[in-house]
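In: Model the following, please.
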Amino acid sequence: MTKRSIFGGAVAVILSSLLWVLSMPPFDFAEGAYIAFAPLLLWLASKPGWRWTLFLGFITGWASWFGILVWLRHVTWFGTFALSAILGLIFAAWLLAAGRVFAKVTERIFPVRIVSFLGLAALWVVLEWVRTWLFWGFPWAPLALSQWERPVVLQVAAWTGAYGVSFMLILFNLCVAQTLWIRIMQRGKKGWFGWFSLDLYVGLACLGGCIYLFFKVLPQSEGEKELFTASVVQPYIKPELKWDQSRELENMRIVRQQTQLAAALDSEVVLWPEAATPWPIIGFPEMQAAVEALSLEIGKPILMGNLAYDQPTEVWENGAFLVEPSSGLAENYYVKRELVPFGEYVPRPFRFIEKFVPVGGDATPGTGPNLIPLTVESGVYQIGSLVCYEDVFPRLARESVRAGAEVLFVATNNAWYGEAGGAPQHAAHSVLRAVENRRPVMRCGNAGWSGWIDAYGTIREVLTDAQGSVYFRGGGTYTVGQYDEWIRRQSFYTRHGDWFVGLCGGLAVLGGILLGRLKNQS
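Out: Have a look, this model is predicted:
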């Protein structure tokens, strides 16, 4: 490694990390995702060696993930550093593979380059999928998340899942890097056409295909049916105060007062966030009676995130519940399927570590989607619930829609993470779930982000205060709708799942075989 190569690598790390972080919410420089990795790929073309590739790949991954997850520091500094390091290692593994491929194919014929690039983009998808189960599962912030406010490129997710968007973005990065490399090596080629190559046309064709698909599937505005209007309650009770026993009555007073104000608005159902009340709705009869009385007082059902506690067995459940004015607490309720490690339970090898959420013992996970039927004036709608960060997991939303969910409801509490961008970054995942399954998603957060997203990933309404912030105590309403063509239909992705990941696995293997043959030829 020469000093010039080390300097180039340092510059590449800074540029790639900065573009990667800025492409993600809350910064929302979505276009940065198309070129974020081009600086590192250009550096790889100089053949820096696998040790430096692995080292700078880890530094890039760790720094980028720390910037993306910086809001997590409000809960745990150690966890933020450790989780960023683990995710950084995954990125370093991909960059190591890219280093072995990119430097060997930059001067090869076009078909060889494209097959290699397809294999690298496929490997990225496989690694994103691995994150859904590795170390208890953390599929947070796939590269596709950068496009959450760009529904024009998201529609392919209805067939491939969000993985298809990530695939396109990585392929575009590779094609841009190759085009720049050709420009650098062929300096005699001047003028506009010197900036183009067949590789770039492939990247532009993929992007153009996404744009074409958007206009192809764009629904007619008159084909949308209004389902119901929901009132949203954001109590914005600070997490350090929420479980303070000396404040339980005050916290309940806040919830009741904000509910009465929200119910005064024209709506058919009231939404509460995750763990809305200071005591569980099941296991504490006084709490259940108080909520039932409140629902009767306002004359509207309350769909809420809450807890259930069985005192004889000391079993805790986090879930979604429905209380109706006429019949009280519904027997059928949803139990959260994907629990937060070190928050709702401590993994067995780490029993010596205390949870960072001061709520009882370990929670028990649910076993199925358990849809909640919501009866309003226009009919009965099957609600698929996702509690806390469950909208981050593609399979959970898909399971709910396959079971018959017509609307997805996310009850969450992002107040744990301050106001550093955790709420909008979390909400962005709901956009991906909406497009994948062609179902509207309504969200209710303790402090925000509350709003709803239509079946094409368009953010239709977001509740904000007078200053435009999603972080506030109060409420509001939004009217949820669905397009006629999707009322009784499921998307290709909902029906067939992660088939695209399997295809990417095959492409990654094919790329590996090609690399082996190139190595034998050299």
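
In: contacting residues around Thr458?
Out: Listed by Cβ atoms under 8 Å, 6 or more residues apart in numbering, the contact set of Thr458 reads Pro151. For the C-beta atoms, the positions are set from N, CA and C on the backbone; glycine is no exception.

In: Also Gly474?
Out: Here Gly474 is in contact with Gln234, Tyr236, Gln258, Leu261, Leu463, Asp465 (Cβ under 8 Å, 6+ apart).

In: buried subset of those residues?
Out: Buried by 16 or more other Cβ atoms under 10 Å: Gln234, Tyr236, Gln258, Leu463, out of these.

In: nearest to Trp77, of those?
Out: When the buried ones among the contacts of Gly474 are ranked by distance to Trp77 (Cβ to Cβ), Tyr236 comes first, at 23.9 Å.

In: Do I have it right that that closest one meets Tyr471?
Out: Yes - at 7.1 Å, Tyr236 counts as touching Tyr471 under the criterion of Cβ atoms under 8 Å.

In: who touches both of these two?
Out: Residues touching both Tyr236 and Tyr471 by Cβ under 8 Å, 6+ apart: Ala447, Gly448.

In: Quick one: the helices in the stretch 51-200 of the chain, in order.
Out: Along the stretch 51-200 of the chain, the stretches classed as helices by DSSP state H, counting those that start in this stretch are 77-105, 110-130, 157-160, 163-185, 198-217.

In: Pull up the pairing partners for the helix or strand that the last one is followed by, direction included.
Out: This means helix 198-217. On the C-terminal side of helix 198-217, the closest following helix or strand by DSSP states H and E is strand 224-234. In the sheet, strand 224-234 lines up against strand 269-271 (parallel), strand 474-483 (antiparallel) (DSSP bridges).

In: rewinding a little: which of the buried ones among the contacts of Gly474 fall in strands?
Out: Among the buried ones among the contacts of Gly474, the ones falling in strands (DSSP state E) are Gln234.

In: nearest to Leu42, of the buried ones among the contacts of Gly474?
Out: Of all the buried ones among the contacts of Gly474, the one with the least separation from Leu42 (Cβ to Cβ) is Leu463, at 43.6 Å.

In: any idea how far Ala177 is from the closest one?
Out: As judged by Cβ to Cβ, to the nearest Å, Leu463 and Ala177 stand 41 Å apart.

In: Kindly report the same for Glu31.
Out: Distance, Glu31 to Ala177, using Cβ to Cβ: 16 Å.

In: So between these two, which is more surrounded?
Out: Ala177 (26 against 14; other Cβ atoms under 10 Å).

In: Leaving out sequence neighbours, find the closest residue to that one.
Out: In space, and not counting its chain neighbours, Ala177 is closest to Leu41: 3.6 Å by Cβ to Cβ, 6 or more residues apart in numbering.

In: so that neighbour, which of the three states?
Out: Of the three states, Leu41 takes helix under DSSP: H, G, I helix; E, B strand; the rest coil.

In: That one contacts Ala98, doesn't it?
Out: Yes - with contact taken as Cβ under 8 Å, Leu41 and Ala98 are classed as touching, separated by 6.5 Å.

In: Please name the residues that touch the residue nearest the centre of the chain.
Out: For the chain, the residue nearest the mean C-alpha position is His429 (2.7 Å; Cα atoms, centre = their mean). Neighbouring residues of His429 by Cβ under 8 Å, 6+ apart: Trp140, Leu145, Trp148, Asp391, Val392.

In: Low-confidence regions, the stretch 251-400 of the chain specifically.
Out: 345, 348-361 (pLDDT under 70).

In: least trustworthy helix or strand in this protein by mean pLDDT?
Out: Lowest mean confidence among the helices and strands of the chain (mean pLDDT, DSSP states H and E): helix 239-242, at a mean of 64.

In: re earlier: how about the helices of the stretch 51-200 of the chain in a markdown table, adding distance to Leu510?
Out: As requested, the helices of the stretch 51-200 of the chain are exported to a markdown table (distance: least, Cβ to Cβ, whole Å):
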| stretch | distance to Leu510 |
| --- | --- |
| helix 77-105 | 12 |
| helix 110-130 | 6 |
| helix 157-160 | 18 |
| helix 163-185 | 14 |
| helix 198-217 | 17 |
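
In: closest one to Gly9 among the ones you listed?
Out: Checking the helices of the stretch 51-200 of the chain against Gly9 by Cβ to Cβ gives helix 77-105 as the closest, at 11.1 Å.

In: Tell me the gap between the closest one and the middle of its chain.
Out: In terms of Cα atoms, centre = their mean, to the nearest Å, the centre of helix 77-105 is found 20 Å from the chain centre.

In: just checking, what packs against that helix?
Out: With contacts taken as 3 or more Cβ pairs under 8 Å, 6 or more residues apart in numbering; DSSP states H and E, helix 77-105 sits against helix 38-44, helix 50-68, helix 110-130, helix 499-521.

In: Can you show me the helices along the stretch 351-500 of the chain?
Out: Assigned by DSSP H, counting those that start in this stretch, the helices in the stretch 351-500 of the chain fall at 394-402, 422-437, 492-496, 499-521.

In: just checking, Ser64 touches Val21?
Out: Yes - assessed by Cβ under 8 Å, Ser64 is found in contact with Val21 at 5.6 Å.

In: name the helices or strands packed onto the helix or strand hosting Ala308?
Out: For Ala308, the enclosing helix or strand under DSSP H and E is strand 302-310. Secondary-structure packing of strand 302-310 (3+ Cβ pairs under 8 Å, 6+ apart): strand 269-271, helix 285-298, strand 315-324, strand 407-412.

In: Can I get the ones you listed in JSON lines including mean neighbour count?
Out: What follows is the helices and strands packed on strand 302-310, written out as JSON lines (neighbours: other Cβ atoms under 10 Å):
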{"stretch": "strand 269-271", "mean neighbour count": "27"}
{"stretch": "helix 285-298", "mean neighbour count": "17"}
{"stretch": "strand 315-324", "mean neighbour count": "22"}
{"stretch": "strand 407-412", "mean neighbour count": "28"}
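
In: Out of those, the one nearest Lys47 is which?
Out: strand 407-412 (46.5 Å).

In: and that closest one, which strands flank it?
Out: strand 379-387 (parallel), strand 441-445 (parallel).

In: Pick the most deeply packed of these.
Out: Highest mean neighbour count among those (mean count of other Cβ atoms under 10 Å): strand 441-445, with a mean of 28.

In: Against Phe472, how distant is the nearest residue to Leu408 once chain neighbours are set aside?
Out: Leaving aside its sequence neighbours, Leu408 sits nearest to Val441 (Cβ to Cβ, 6+ apart; 4.5 Å). Using Cβ to Cβ, Val441 is found at 21 Å from Phe472.

In: just Val153 next, same as before
Out: From Val153 to Phe472 the distance is 31 Å (Cβ to Cβ).

In: Val105 too?
Out: Separation of Val105 from Phe472 (Cβ to Cβ): 52 Å.

In: How about Gly421?
Out: Gly421 is 16 Å from Phe472, by Cβ to Cβ.

In: count of neighbours near Val376?
Out: 16.

In: Please list all residues in contact with it.
Out: Contact analysis of Val376 by Cβ under 8 Å, 6+ apart lists Leu227, Phe228, Glu268, Val269, Pro301.

In: Please apply the same query to Arg443.
Out: Phe409, Val410, Thr412, Ala427, Ser430, Trp449, Ser450, Gly451, Trp452, Ile453.

In: Could you chop this protein up by domain?
Out: Structurally, the chain divides into domains by automatic domain parsing as follows: 3-218+499-521, 222-490.

In: For the last one, measure first residue to last.
Out: Translated: domain 222-490. Domain 222-490 has its terminal residues 20 Å apart, counting by Cα to Cα, to the nearest Å.

In: do stretch 144-151 as well
Out: 11 Å.

In: Contacts for that stretch next, please.
Out: Residues contacting stretch 144-151 (Cβ under 8 Å, 6+ apart): 23-25, 28, 30, 32-33, 153-154, 157, 162-166, 169, 214, 425, 428-429, 431-432, 435, 456-459.
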